[in-house]
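Undergrad: Sequence first, then the predicted structure, then my questions.
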Amino acid sequence: MLMTPGKLILLRLFNLSLGRSAFFSRLLRKVLIRLLIKGKKGRYTQCSRYFDIRELEN
C-alpha cells in the first residue's frame, strides 16, 4: 500500500476531524494493523516439492 498525495490528504483530514476522538483513532489503528500487518500473505520460498522428479529425468 503506497501513500499517494490523495491518501495523505485524506489521512490528514481524518486526523484533524475524527482522529481527535479516542474511539475513531482506536478504530483506525485496528484497521491499519489488520491491513498492513496481519493481512500479509506468506513470503515466497523456493521448494523442490514444486517439481516432479519424472520431469527432470528426461
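TA: Noted; the coordinates are in hand.

Undergrad: give me the number of residues near G19?
TA: When neighbours are defined as other C-beta atoms under 10 Å, G19 has 14 of them. Where you see a C-beta, it was placed from the backbone N, CA and C, and this is true even at glycine.

Undergrad: Quick check: it touching L28?
TA: Yes: with contact defined as C-beta atoms under 8 Å, G19 reaches L28; the gap is 7.0 Å.

Undergrad: now the helices for the chain?
TA: Per DSSP state H, the chain carries helices over the ranges 5-16, 22-33, 53-57.

Undergrad: Export these to a markdown table and append columns for mean neighbour count and mean pLDDT.
TA: Below are the helices of the chain laid out as a markdown table (neighbours: other C-beta atoms under 10 Å; pLDDT from 0 to 100):
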| stretch | mean neighbour count | mean pLDDT |
| --- | --- | --- |
| helix 5-16 | 11 | 90 |
| helix 22-33 | 11 | 89 |
| helix 53-57 | 7 | 74 |
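
Undergrad: Point to the residue nearest the middle of the chain.
TA: Residue closest to the average C-alpha location in the chain (C-alpha atoms, centre = their mean): L36, at 3.0 Å.

Undergrad: I'd like the distance between that residue and L28.
TA: Between L36 and L28 the computed distance is 12 Å (C-beta to C-beta, to the nearest Å).

Undergrad: got it, and L13?
TA: For L13, the distance to L28 equals 12 Å [C-beta to C-beta].

Undergrad: Tell me how many other residues crowd K38.
TA: 7.

Undergrad: Renumber starting at 7 from here on
TA: With 7 as the first residue, the last one maps to K44.

Undergrad: And it, how far from L38?
TA: Separation of K44 from L38 (C-beta to C-beta): 10 Å.

Undergrad: same check, this time on I59
TA: 45 Å.

Undergrad: repeat for E63
TA: 50 Å.

Undergrad: same check, this time on F20
TA: 11 Å.

Undergrad: now do G12
TA: Distance, G12 to L38, using C-beta to C-beta: 17 Å.

Undergrad: swap in S27?
TA: Distance from S27 to L38, by C-beta to C-beta: 16 Å.

Undergrad: swap in K13?
TA: 12 Å.

Undergrad: Likewise for N21?
TA: Distance, N21 to L38, using C-beta to C-beta: 13 Å.
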